[in-house]
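Undergrad: 3D model of this:
(2 chains)
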Number of protein chains: 2
Amino acid sequence: MTGGPLAGIRILDLTAVVVGPMATQTLADYGAEVIKVETPGGDILRDLNGRSITPAMSSKFLHLNRNKRSIVLDLKQAIGREALLRLAARADIFLWNFRPSAMNRLKLTYEDVRVVNPRIIYCGMFGFGRGGRYREKAAYDTIIQGGSGVAALHHRVTGEPRYVPIVIADRSVGAIAVQMLLLALINRQRTGEGAEIEVPMFENMAKFVLEEHMYLKTFDPPLGGTGDTRVLERGNRPIPTKDGFICITANTNAQAFALFDAIGRPELKADPRFGSVTARFANVTEFYAMRNESLRQKTTAEWLAIFDRTGIPAMPYHTLDSLMEDPHLHDVGFFEKVNHPTEGKIVNMTLPNRCSFGSRRDFLPAPKLGQHSVEILREIGYDDPAIAEMIESAATIDGRLGRRGLAG
Amino acid sequence: MTGGPLAGIRILDLTAVVVGPMATQTLADYGAEVIKVETPGGDILRDLNGRSITPAMSSKFLHLNRNKRSIVLDLKQAIGREALLRLAARADIFLWNFRPSAMNRLKLTYEDVRVVNPRIIYCGMFGFGRGGRYREKAAYDTIIQGGSGVAALHHRVTGEPRYVPIVIADRSVGAIAVQMLLLALINRQRTGEGAEIEVPMFENMAKFVLEEHMYLKTFDPPLGGTGDTRVLERGNRPIPTKDGFICITANTNAQAFALFDAIGRPELKADPRFGSVTARFANVTEFYAMRNESLRQKTTAEWLAIFDRTGIPAMPYHTLDSLMEDPHLHDVGFFEKVNHPTEGKIVNMTLPNRCSFGSRRDFLPAPKLGQHSVEILREIGYDDPAIAEMIESAATIDGRLGRRGLAG
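TA: Next up, the predicted model:
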C-alpha cells in the first residue's frame, strides 16, 4: 500500500494543464492511485512551459504530475473508450475537465460511466456552470481572472488592467475540487453512494473575489461602493529599505504601536489618525504613506531583527531565487533532490503540511507520455494481442522507458 | 440535521480574520456545526473592513461567517478555558490560528485537548512550520505574499514590487486547510483515530509559487533561470477593444488559428514565429504584441460574439460592479438576498459547485459577538448561576439579540 489516508482510492484523471492535475497531485500525495489518461498528443502542459531535458517533460509538468501513472487512450476510438470504461469499473473517482459538450460527444457522461460503476464519484471541472449562458465557453486561468474582476482590481490600484502573474484561478479552483472530491468520499463512506459533482471556475472565482470586495454593496440598499479600500490602497506594498524591500503589516494596536516605537515615532500612538484600528482604516492612505517612508534608514536584515523581537509581522521580500535559498525552507526540508529516470536530478518540493495520519510513502517520478499504458492495460485483463491492436490503431501509445513496442 | 455530507460533524473554531474562517465557512456550508470561539474583543475582521450597518458586523465578516454560532470565551481565565475543554470533549475538530507559543501559554496544546477527547482532530494554521527558524513569526496575507515571491513576480512584470490586491495567501491556505481536515475525517472513519495537523502559510505559498515558477531551476544542474517567461510576459494582459477591454487566450493551435482568422490575418498560421505551440512560446513577446493591437476595431461585445462562435476562450473584462450584474451569474442563481436579523437585507453568494450529495439545508446569518454564548453553555450543562458568574468575570459575553443579561 502506498500509505496515507487515501491509500486504496483509485482515480481516473482525464484532466490536463493545471487546474485538474494539481488536484490529483494532492490526492496522489496523500496515497491515492492516480491513473492519468492522456490523449495521443499528451497533456499540453508537457510542452507549454518551454525547455526541458527530454521532450514533453516541462518543469511544471514534472512538479504537478509526480506520483501518477500515464496511459494514453484515444477516446474517440471505440476500443479506447472501452478501455476507459473498463478502468472506470474499478475506479473510485472519475475526474475530467473538457467542456461538457465534449463529454456528451464521447459518450462519457455520468450516466454512461454509472452503467459500469454505480458508485463512481464523477466530477467535471470546467469554465462555467451548466445552468448558465456561458456554459459552452472554454476557460483558461487568465480569462477567468479577467472575467471575475481580478484584472480590474489591479486597474483600480495601479491604473492598468493586469492579470496576477501566477495562475491563481487554476490553483484556487483545483484546491476546491480536492475539497469536493474528499466530501464525496466522506459521503460515500457514510451512505455507500457515488456522486456527480461540477466545479465551475467562474463561479468559484466570483465568490473568491466578491467575498473580499463586494464590500458596501453587500448591504441592500448599498452603504456605498464595491472594493475593500484598505486592500486596494495603493500604498499597501513592499516598503523600501536602505538595501532593498521588506514586507510588514501592522493591523492590531499592539503591532501598530510597536511599529511606531521601532521607527522612533511613539507620539503616533496618540495621533487621532492612527491610534486605533478604525482610525487607521479611515486614514489608510496617510497611514501607508507614513509607513512607506519610515524604513529607509536601516537595511532589511536590521529591520527584520527589530520586528521579530517586537512582534511586528515581517518577512524578507523574496525573489524567486532568494526564495529558493530561504533558510526556513531549508530548515524544514522543503526542497529535496530526486533522481528522475529520464530527466536526471530534479528539485522536488516536499509536502508543506504536517499530518499525523501521514502521506504517501513511495515516490513516483512524473511519467513520460503513455509510460504505463501497457502495464495498466495488462492490469485490467488485456492480453498482448489486444494491446498490440490498440497500439496499431493508435488508440494507445506504448511509452515504456527504453522500449519500442511489445517485443522483448 | 443540517443536511450535507458533514451533518453531525462538530467544529470548535478559534480562528479569526480570513484564513481560518473561510475554511470553516466551507465546512459549515456542507453541513458541519461550527462553534466560533471569539475573544471578548471579537474577531478583528468584524471591524477591520470598514463601514457596517451595526457595529462589528463588516461586510466581509458577514460573508465568511454565515452558518456559524458565536460564543465568547476569555481563554486566559480558568473558567473560560474550562468551558472550551468541555466543548472540545464533544467536538470532532479543533481549529486554531494563533502562534503555537500562544497555545502553549493557554495550555491548549494537542496533548491538553487530547486528554478530554482522544479522537479530536486538532489543527493549527499559522505562518511558519514549527520545524523552522521563522516559527515564532506572526503572519498576514501580504507578508506571506511578499515572503513567497509574489510581489517580486509583479516586480519582474511591471518594474514595481506589489502585492496582489486580494488575499490570495489567506484564501489558498484556507482551502488547503479544508483539504487537510477532510483527509483527517476520512482517516478517522477508517481507523477511529484523531489527528494532529499543522498548516503553515509560508510553505504552502512557496509550493504554490514555485510549482509555477521554479521553471528551469527545477533541473539540477539548472537549464536556466526561475520564472515561467510565458506567464510573466508583460504583454499577457487584457486587450484593448474599441470600447474597453476583453480577456482572451489562445494556447492550442486550434484556438490560435481561429484567432488569426478572426482578426483577418490567416497567413499567420504559416508564420514560423506563430505556427505551433512551441513557436508561439519562443516568440511570446511578439505574439502578445501582435495580439494586443489586433482588437481595436470592434467592440468587446462584437468580439465576444465572434470568439464564442469560433471556440476562442474569451470573457468580458469585468469590474467588481459589472461582475455583480453578470448575466451568467444571475442565470445560475449566484446571488440571493437574505434577511439578516440585525443588518437588514444583505446579498449572499450561493454555493458555486453542484454536488449530488447536497449541502446545508438551513441558513444561519453571521452572528453578533457572543450571540450564542448562553445557548451553547446551556447545551454543555452550565446552569444559569454558572453562566452569570462567567458573564460577571467577563469570561464570556451574552450577545443574544435584543437581550441584556439572563433576566427575562
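Undergrad: ok, the closest residue to residue A:81 other than its chain neighbours to residue A:93 distance?
TA: In space, residue A:81 comes closest to residue A:75 once its chain neighbours are excluded; the distance is 5.2 Å by CB to CB, 6 or more residues apart in numbering or on different chains. Heads up, the C-betas are built off the backbone N, CA and C, glycines and all. Distance check for residue A:75 against residue A:93: by CB to CB, to the nearest Å, it reads 17 Å.
Undergrad: higher neighbour count, the two?
TA: When residue A:75 and residue A:93 are compared on other CB atoms under 10 Å in any protein chain shown, the one with more neighbours turns out to be residue A:93, at 26 against 21.
Undergrad: who's that one bridged to?
TA: residue A:11, residue A:121 (DSSP bridges).
Undergrad: hmm, residue A:123 and it touching each other?
TA: Yes - counting by CB atoms under 8 Å, residue A:93 touches residue A:123, with 6.8 Å between them.
Undergrad: tell me if I'm right that residue A:244 and residue A:302 touch.
TA: No - counting by CB under 8 Å, residue A:244 does not reach residue A:302; the two are 11.5 Å apart.
Undergrad: quick one, phi/psi of residue A:103?
TA: The phi and psi values for residue A:103, taken as degrees, to the nearest 10, are phi -70, psi -30.
Undergrad: helices along the stretch 101-250 of chain A, start to end?
TA: If you assign secondary structure with DSSP state H, counting those that start in this stretch, the helices in the stretch 101-250 of chain A sit at A:110-116, A:141-147, A:150-158, A:168-191, A:201-213.
Undergrad: check contacts around residue A:77.
TA: A:393, A:394, A:395 (CB atoms under 8 Å, 6 or more residues apart in numbering or on different chains).
Undergrad: wait, residue A:117
TA: Residue A:117 makes contact with A:88, A:89, A:90, A:91, A:194, according to CB under 8 Å, 6+ apart.
Undergrad: tell me how many other residues surround the nearest residue to the second one once chain neighbours are set aside.
TA: Among residues not flanking residue A:89 along the chain, residue A:116 sits closest, at 4.4 Å (CB to CB, 6+ apart). Using other CB under 10 Å as the criterion, residue A:116 is surrounded by 15 other residues.
Undergrad: so the host helix or strand of residue A:62, near chain B or not?
TA: Secondary structure here is read from DSSP states H and E; on that basis residue A:62 sits in helix A:59-64. Yes - applying CB under 8 Å from any CB of the partner chain, one finds that helix A:59-64 is in contact with chain B at A:59, A:60, A:62, A:63, A:64.
Undergrad: once you drop chain neighbours, what's closest to the second one?
TA: Distance criterion CB to CB, 6+ apart; nearest residue to residue A:60, sequence neighbours excluded, is residue A:49 at 4.4 Å.
Undergrad: and the third one, by the same measure?
TA: The spatially closest residue to residue A:62, leaving aside those adjacent along the chain, is residue A:366, at 4.6 Å (CB to CB, 6+ apart).
Undergrad: and the pLDDT for the one you found?
TA: Residue-level confidence at residue A:366 comes out at 97, pLDDT.
Undergrad: contacts only, for it.
TA: The contact partners of residue A:366, by CB under 8 Å, 6+ apart, come to A:57, A:61, A:62, A:63, A:64, A:65, A:66, A:68, A:340.
Undergrad: rerun that using 7 Å as the cut-off
TA: A:61, A:62, A:65, A:66 (CB atoms under 7 Å, 6 or more residues apart in numbering or on different chains).
Undergrad: also residue A:121?
TA: Contacts here follow CB under 7 Å, 6+ apart; on that basis residue A:121 touches A:92, A:93, A:181, A:184, A:185, A:188, A:194, A:195.
Undergrad: my read: the third one touches residue A:122, true?
TA: To tie it back to what came earlier, the one meant is residue A:181. No - using CB atoms under 7 Å, residue A:181 makes no contact with residue A:122, being 10.4 Å away.
Undergrad: check what pLDDT the residue most central in space within chain A gets.
TA: To find the centre residue of chain A, average its C-alpha atoms and take the closest one (CA atoms, centre = their mean): that gives residue A:171, at 2.8 Å. Confidence per residue is given as pLDDT, and for residue A:171 that number is 96.
Undergrad: and for residue A:139?
TA: The predicted structure scores residue A:139 at 87 on the pLDDT scale.
Undergrad: kindly report the same for residue A:404.
TA: Reported pLDDT at residue A:404 in the predicted model: 55.
Undergrad: contacts for the helix or strand bottoming out on mean pLDDT in chain A?
TA: Least confident helix or strand of chain A, by mean pLDDT, DSSP states H and E, is helix A:277-282 with a mean of 86. Contacts to helix A:277-282, defined as CB under 7 Å, 6+ apart, come from residues A:230, A:253, A:256, A:272, A:273, A:274, A:287, B:47, B:48, B:50.
Undergrad: for it, buried residues please.
TA: Buried residues in helix A:277-282, counting neighbours by 16 or more other CB atoms under 10 Å in any protein chain shown, are found at A:279, A:280, A:281, A:282.
Undergrad: C-alpha coordinates for it, CSV please?
TA: The C-alpha atoms that make up helix A:277-282 are tabulated as CSV, following Å, rounded to 0.1, in the frame of the first residue of the first chain:
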residue,chain,number,x,y,z
VAL,A,277,-8.0,50.0,14.1
THR,A,278,-10.9,52.1,12.8
ALA,A,279,-8.8,55.3,12.7
ARG,A,280,-6.1,53.7,10.7
PHE,A,281,-8.7,52.3,8.3
ALA,A,282,-10.3,55.7,7.9
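Undergrad: quick one: distance of the following helix or strand past it to the chain centre.
TA: The C-terminal neighbour of helix A:277-282 among helices and strands, as given by DSSP H and E, is helix A:284-292. Helix A:284-292 has its average C-alpha position 34 Å from the chain's average C-alpha position, going by CA atoms, centre = their mean, to the nearest Å.
Undergrad: also stretch A:104-122?
TA: Using CA atoms, centre = their mean, the distance between the centre of stretch A:104-122 and that of its chain works out at 26 Å.
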